[in-house]
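Engineer: all I have is the shape, not the residue letters:
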């Protein structure tokens, strides 16, 4: 009942949430774009390392 009479949602979103139980969420398009670009970059790095075009550098150190 709180979903129907609450003032936090309006119109179609309220109807959809009441009938389906799905919770609406806002999507940050810039964040999604950044995550997609990061995944693509990582995939390219992995592929180039696998093909022997690049190699990975790791360093061990003692933090202060």
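Structural biologist: Good, I have the coordinates. Please read all numbers here as calculations on a predicted model, not as lab measurements. Numbers count the residues shown, from 1 in each chain.
Engineer: what's around residue 27, how many residues?
Structural biologist: 6 (other C-beta atoms under 10 Å). C-betas here are computed from N, CA, C, even on glycine.
Engineer: with the one 4 residues further on instead?
Structural biologist: Using other C-beta under 10 Å, the number of residues around residue 31 comes to 9.
Engineer: tell me the mean pLDDT for the helix or strand where it lies?
Structural biologist: Element membership for residue 31 (DSSP states H and E) is helix 29-50. Throughout helix 29-50, pLDDT has a mean value of 94.
Engineer: can you tell me the closest non-neighbouring residue to residue 48?
Structural biologist: Nearest in space to residue 48, with sequence neighbours left out and distances taken as C-beta to C-beta, 6 or more residues apart in numbering, is residue 54 at 4.6 Å.
Engineer: can you check residue 56 too?
Structural biologist: Excluding the flanking residues, the one nearest residue 56 by C-beta to C-beta, 6+ apart is residue 49, at 6.1 Å.
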